[in-house]
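Asker: Got a sequence here, can you model it:
(4 chains)
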Number of protein chains: 2
Amino acid sequence: MVKTSKLGETARSVRGGLLSDVGGVVIELSAAIVALADESPKTLLVRSPGVALPPGLPCGPFDPLRHRTLEEGLRAWVDEQTGLHMGYVEQLYTFGDRDRDPDRRAGGPRPVSVGYLALVRQTAVKNPAEATWNDWYRYFPWEDWRSGPPALLGSLVTPKLTAWCNAAKSKSDKQRRRERADLTFGYAGGSWDNERVLERYELLFEAGLVSEALGDGEVVPPADADARTGALLTKDHRRILATAMGRLRGKIKYRPVVFELMAPTFTLFQLQRAVEALSGGRLHKQNFRRLVAHQGLVEPTAHISSQTGGRPAELFRFRREVVHERRAPGVRVPLKVNKKTG
Amino acid sequence: MVKTSKLGETARSVRGGLLSDVGGVVIELSAAIVALADESPKTLLVRSPGVALPPGLPCGPFDPLRHRTLEEGLRAWVDEQTGLHMGYVEQLYTFGDRDRDPDRRAGGPRPVSVGYLALVRQTAVKNPAEATWNDWYRYFPWEDWRSGPPALLGSLVTPKLTAWCNAAKSKSDKQRRRERADLTFGYAGGSWDNERVLERYELLFEAGLVSEALGDGEVVPPADADARTGALLTKDHRRILATAMGRLRGKIKYRPVVFELMAPTFTLFQLQRAVEALSGGRLHKQNFRRLVAHQGLVEPTAHISSQTGGRPAELFRFRREVVHERRAPGVRVPLKVNKKTG
DNA sequence: CGCAGATATGCTCAAATTAAGTATAAGATT
DNA sequence: AATCTTATACTTAATTTGAGCATATCTGCG
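Answerer: Numbers count the residues shown, from 1 in each chain, chains lettered A, B, ... in the order given. Sure, this is the predicted structure:
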């Protein structure tokens, strides 16, 4: 490898060892791009034409020669692969575990992937054959509580998870597993925390309940997998998507990011539906509108929407100024858990 | 470079271009290790003996051959350089901007650094000559509001920042700069948000107010720099430290992480001082104790501390169970801004 | 001893926020 | 006109927050 500047090398050789020791690494930049359509959150997935592989997030390697920053590199790849222009972009997490990609076993530089969350309004892509929008609950069916506790939980997840807890060898291991399941799935008197998307996915992964965890060449019929524990994605992209969901669910509570997904004007009920779609739960309507109105997040346009099926609703617009105000609050989400099973 | 597995390559060549296109990249793992001593938050810095370079965070390159995960690599480096065992570790952010390291100009693989936050209780290191604990406010003097607004703000930062705002070329640029300064420093009626550590640092950086932004070989006398805009760190380590501070300040509000920094037992006042040290502000004592007690974060030991100088205080211990409870709340921090200038 | 100074701890009170509901308005559908 | 649907206003009780007062229990000093 090329030599470093004098200063850098001196410092590094003391603190971090020599650079030439290390093996090859490729940084992969991946984007969980989120949009809203039909009251459900969608994410953009690309599929290699003709290949029977599971689809994945738009992604590409970071090229230090062309890309000034990581985010710039990501935007370049996404633009190339989908023609989509991303507005809001936020870095999520960097994944570097060796054993997470089932497709990959040995050889080649080690992939380290930096995951991003992006929010977009428009959904037109240049190559609809390869890049498609997919309801994110297809990959995490247990995360949608909008019409009560997901059926999948009771019918499949909970029993299998209980079995997994009991399958632990030692008594203390059993205890640990149970506590973890209680915490992430809100079992023992605990409540469902809609932000723990990644923790739940990781748990199901370890418990062998999600398809990526299947053996090497083993492939599950897609339809079956869909119905059971959510559809597959390549590499560790489902993990990145889970991270994106959790982060977004958290963020709408204290930063006005939902508006990145809304049309320029909208009714308060549309806004509520958007928040509900992302959060995976239902909200109290009257309180929601009071909250949004009182916080000055939106302002009325003089216009009325008559598409509502009932009394026409007033159209609002996001007050861009609030971003420059005090805490720039988000939409507080006191989710009420719908008791009846869906 | 070595060839990839068949599957991986097919997918990647469609979606992300060929791997062999990309230039060299090194992943540097850096840790902002935080401990509490003398009512102030300290961070561990290492310095190359004999070299007159600014110190930096413990760090080292990620070695894909030896390290199974990124975090494992980090732990290995920190252990090697300091002998410290880290308990709580959390990934912060991955920095990859080309133009951020003043020491480095051209040549060599592109460094991409993954920053981590670690919390430790014990502070003994194996090589005290090279690894030392430093008050983090030394690097961000404007972040400590415990005895009122920091003097440095009024005397230096604000005037220079105002000048920078006015130095913008176009009218709209001026406006933008001002809004940004108002938002991050809470100027125009806004309030100081103690979590925006990074945003403030970035702003000062762009405004040319922090020393890293000085030219290539240019060096400022350390004493001077300390008094002016905080002490220097190598590379972009001050940025990583700023990220760590902001994240920790945010996190103590909703997760019980302070306890990672406390001794096994402590008085409520010690706990309060710890939170204040991290948050950089003062708290209402009675409310603080009510809060902590009501949330069930701590439980009384039967013991009493008589080291207080007044009425002896009861010793408490952290209830580990709360981690496994509902929202596992943190210590809400309604900071009261001390009005008098420090 | 008795009192000042310090800290710990218990309690009050008003203001603000939240959760949940009732009531009414204004359109479409039949 | 009756009914359904959705929008919007208003009420109420419970809870949380911010701030302060009062009292308890130690140390140190005259």
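
Asker: what about the residue of chain A found nearest DNA strand D, is that helix, strand or coil?
Answerer: Taking Cβ to the nearest atom of the strand, DNA strand D has its nearest neighbour within chain A at A:G310, 2.2 Å off. For glycine as for every other residue, the C-beta is placed from the backbone atoms N, C-alpha and C. In three-state terms, and counting by DSSP: H, G, I helix; E, B strand; the rest coil, A:G310 is coil.

Asker: That one: neighbour count?
Answerer: 7 (other Cβ atoms under 10 Å in any protein chain shown).

Asker: Compute the distance between it and A:T267, please.
Answerer: 11 Å (Cβ to Cβ, to the nearest Å).

Asker: Surely A:L198 touches A:A244?
Answerer: No: with contact defined as Cβ atoms under 8 Å, A:L198 does not reach A:A244; the gap is 9.2 Å.

Asker: now stretch A:160-173: how far from the chain's centre is it?
Answerer: 29 Å (Cα atoms, centre = their mean, to the nearest Å).

Asker: Mind listing what's buried along that stretch?
Answerer: Judged by neighbour count (16 or more other Cβ atoms under 10 Å in any protein chain shown), stretch A:160-173 contains these buried residues: A:160-161, A:164-165.

Asker: Also stretch A:84-95?
Answerer: A:84, A:86, A:89, A:91-95.

Asker: Helices of the stretch 151-300 of chain A, residue ranges please.
Answerer: Ranges of helices in the stretch 151-300 of chain A, per DSSP state H, counting those that start in this stretch, are A:151-152, A:158-166, A:171-185, A:197-206, A:222-229, A:237-251, A:268-279, A:285-294.

Asker: average pLDDT across the last one?
Answerer: It stands for helix A:285-294. When pLDDT is averaged over helix A:285-294, the result is 88.

Asker: Now look at that helix and say if it contacts DNA strand C.
Answerer: Yes: shown here: helix A:285-294 in contact with DNA strand C (Cβ under 7 Å from any atom of the strand) through A:286-287, A:291.

Asker: tilt between that helix and helix A:268-279?
Answerer: Our comparison of helix A:285-294 with helix A:268-279, counting by axes from the mean of the first three to the mean of the last three Cα atoms, to 10 degrees, yields an angle of 100 degrees.

Asker: distance between helix A:285-294 and the chain's centre?
Answerer: With Cα atoms, centre = their mean, you get 26 Å for helix A:285-294.

Asker: which strands and helices sit next to that helix?
Answerer: helix A:268-279 (3 or more Cβ pairs under 8 Å, 6 or more residues apart in numbering or on different chains; DSSP states H and E).

Asker: Single out the most deeply packed of the helices of the stretch 151-300 of chain A.
Answerer: Of the helices of the stretch 151-300 of chain A, the one with the most neighbours on average (mean count of other Cβ atoms under 10 Å in any protein chain shown) is helix A:237-251, at a mean of 24.

Asker: That one and chain B, are they touching?
Answerer: No: legend: contact between helix A:237-251 and chain B by Cβ under 8 Å from any Cβ of the partner chain is lacking; minimum distance shown is 9.5 Å.

Asker: what about that helix, average pLDDT?
Answerer: Averaging pLDDT residue by residue across helix A:237-251 gives 95.

Asker: what is the orientation angle of it with helix A:268-279?
Answerer: Using the same axes, to 10 degrees: helix A:237-251 against helix A:268-279 is 140 degrees.

Asker: can you dump the C-alpha coordinates of helix A:237-251 into PDB?
Answerer: C-alpha atoms of helix A:237-251 as PDB (Å, rounded to 0.1, in the frame of the first residue of the first chain):
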ATOM      1  CA  HIS A 237     -29.900  -5.600   4.400                       C
ATOM      2  CA  ARG A 238     -32.800  -6.700   6.500                       C
ATOM      3  CA  ARG A 239     -30.700  -5.700   9.500                       C
ATOM      4  CA  ILE A 240     -30.100  -2.300   8.000                       C
ATOM      5  CA  LEU A 241     -33.800  -1.900   7.200                       C
ATOM      6  CA  ALA A 242     -34.600  -2.800  10.800                       C
ATOM      7  CA  THR A 243     -32.200  -0.200  12.000                       C
ATOM      8  CA  ALA A 244     -33.800   2.300   9.700                       C
ATOM      9  CA  MET A 245     -37.300   1.500  11.000                       C
ATOM     10  CA  GLY A 246     -36.300   1.800  14.600                       C
ATOM     11  CA  ARG A 247     -34.400   5.000  14.100                       C
ATOM     12  CA  LEU A 248     -37.200   6.600  12.100                       C
ATOM     13  CA  ARG A 249     -39.800   5.600  14.700                       C
ATOM     14  CA  GLY A 250     -37.700   7.200  17.400                       C
ATOM     15  CA  LYS A 251     -37.000  10.300  15.500                       C
END
